[in-house]
Every structure is written in C-alpha cells, then in structure tokens.
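Novice: Below are the sequence and a predicted model; questions follow.
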Amino acid sequence: MKSRTTPNASIEKTEKGFLLKIPAGDASAYRFAQIDDYFGLARKQFPHHSLTLSLRARISSHALPGTWGFGLWNDPFGMSLGFGGNRFRLPTLPNAAWFFGASKENYLSFGDKPAQGFLAQSFRSPTFHPSLIPAGLVLPFSAKTTRRMLGKIIAEDSSALSVDVTQWHTYQLEWSPTRVVWKVDETSVFESPVSPNPPLGLVIWIDNQYAAFTPQGKISFGVLEGQEEWLEIEDLEIRDM
C-alpha cells in the first residue's frame, strides 16, 4: 500500500488504521490524501481480480465538498481529472466497485442512477485499448449524444445509502466475477450483477474534486473550496478470492 498526498494534506498512522486529512482552502488548488496498492503499475498489472474488502470508517462531515470513499477501480482518468495524481496514462473506460461519497457538484452517472450523496456504486466497461480514449469528448457529437453513447457502452448500478457517515460503521465489499455485494454493519444494503472487469486496484481517498456529466449534457470538473476534512479508517482487511 502506498500513501500519497498533496502539499499540507496528511496521512497519519493510528493505533488501528489511518487518518487521511486535507487542509482548508479555496477553489484554486487540488487537495487529496490517498492510500492505494496500484501506484506505479500499468493497468494490466493491477493486483485484484476478485476480493472481499472490509474496514471501519467515519468521515468528518456530512457535506464534505468533493469526493471520498473506498473500494476498487481501474484508475480510468489517470491525470486527466487528477484522481490521485497518478503517473500519466491515457484515459480508458471505467471499471469500479466502491462505497463512494459525492458532493452535490458531482454527477458520475451515464444513466438515471443515483449519482450524489453516499453511494454503493459499480461500473463495468469493455476493456478497450486506451488509445481509443473512450470518454467520447473528442468525438464530433453533442454532449447529450456522447452521454447516450457512453450509457450504452458502460454498464452501471448504484444505490443511495442512508448511513450516518460521521459515525463509525463497518463496511464490507464483496466483489466476484458475477456480482458485487455491499454491506454496512454486517447487513447487506445493496447487491448488483454489474461486476467490474478486472484487474483493479484498491483505493481509499478524500479530496476536494468534482466531476459531472449531467443528463442535460453539461460537462464540468474542478476543485471546491472547503474547510479541513478527514477520513478515518480502522481494521482494514483485504482477502483475495
């Protein structure tokens, strides 16, 4: 596992886990703290093909400006949207399964699924070669048409979760080739046949970023003003299946 932060953000080792913290600031700079197990690897070398992830977590605020969460993905945007500031790689289609917190400025859905708040969310996409640059933003179509096209290519599923994320809860993610199951405090809260294509990397993060591709065809992304915020995790356990 590698820890990465922007200036003045921090990741502190605690007795049973980690405290990821980003400082207060305006909307002029990206701020993030992240733990992952894929930094420096090519996507084809990402370590996981199916697993069970469990941890305890709490967040500093119900209205954190940006995104936060924990789970699995293929880092589809690379440096293009700044998620994690990884080394340069061309963008590709998203494959992910995670607990995802998204402020109201975000809208990460190509259909009519829940896309804001605290979510159980998954994406499954064909494993196109990155040179195809799937985002469709370079194609000579309107944003609405591009969004419809991506919605036909990218399978997705999500559910809004009613959880007080500022309090300690136990979260579990079970990812297999045929389904994903999300559990909170040992109770299943969502199950989906939309299982992402491997390989994927584990990611735990907090940042002040937003990205949106709305049903109206509006595309926007950037960073948000905010106060000091933090994500604390304990009892992290990863079991490859």
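Specialist: Thanks, I have it.
Novice: can you pull the contacts of K113?
Specialist: K113 makes contact with Q121, E156, D157, S158 under the criterion CB atoms under 8 Å, 6 or more residues apart in numbering. For the C-beta atoms, the positions are set from N, CA and C on the backbone; glycine is no exception.
Novice: Tell me the buried residues in whichever strand in the chain runs longest?
Specialist: Using DSSP state E to define each element, the chain has its longest strand at strand 229-240. Of the residues in strand 229-240, E229, W230, L231, E232, I233, E234, L236 count as buried by neighbour count, 16 or more other CB atoms under 10 Å.
Novice: Just the pLDDT at the nearest residue in space to the fourth one that is not next to it in sequence, thanks.
Specialist: Beyond its immediate neighbours in the sequence, the residue positioned closest to E232 (CB to CB, 6 or more residues apart in numbering) is L19, lying 4.8 Å away. pLDDT, L19: 98.
Novice: With G82 instead?
Specialist: Reported pLDDT for G82: 44.
Novice: So that it lines up with my notes, have the first residue be 33 from now on.
Specialist: Sure, I'll start counting at 33 from here, so that last one is G114.
Novice: before we move on, which element is the residue nearest to E264 in?
Specialist: Here L51, judged by DSSP states H and E, is contained in strand 49-54.
Novice: same question, V195
Specialist: Going by DSSP H and E, V195 is not in any helix or strand.
Novice: Let me know the secondary structure of R180.
Specialist: On the three-state scheme (DSSP: H, G, I helix; E, B strand; the rest coil), R180 is labelled helix.
Novice: Export the worst-scoring helix or strand of the chain on mean pLDDT to PDB, keeping only CA atoms.
Specialist: Lowest mean confidence among the helices and strands of the chain (mean pLDDT, DSSP states H and E): helix 175-185, at a mean of 81. Provided in PDB are the C-alpha atoms of helix 175-185 (Å, rounded to 0.1, in the frame of the first residue of the first chain):
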ATOM      1  CA  ALA A 175     -22.600  16.200 -25.200                       C
ATOM      2  CA  LYS A 176     -26.000  14.700 -24.900                       C
ATOM      3  CA  THR A 177     -25.400  12.300 -27.700                       C
ATOM      4  CA  THR A 178     -22.000  11.400 -26.300                       C
ATOM      5  CA  ARG A 179     -23.600  10.700 -23.000                       C
ATOM      6  CA  ARG A 180     -26.200   8.400 -24.500                       C
ATOM      7  CA  MET A 181     -23.500   6.600 -26.400                       C
ATOM      8  CA  LEU A 182     -21.400   6.000 -23.200                       C
ATOM      9  CA  GLY A 183     -24.600   4.900 -21.400                       C
ATOM     10  CA  LYS A 184     -25.000   2.100 -23.900                       C
ATOM     11  CA  ILE A 185     -21.300   1.000 -23.600                       C
END
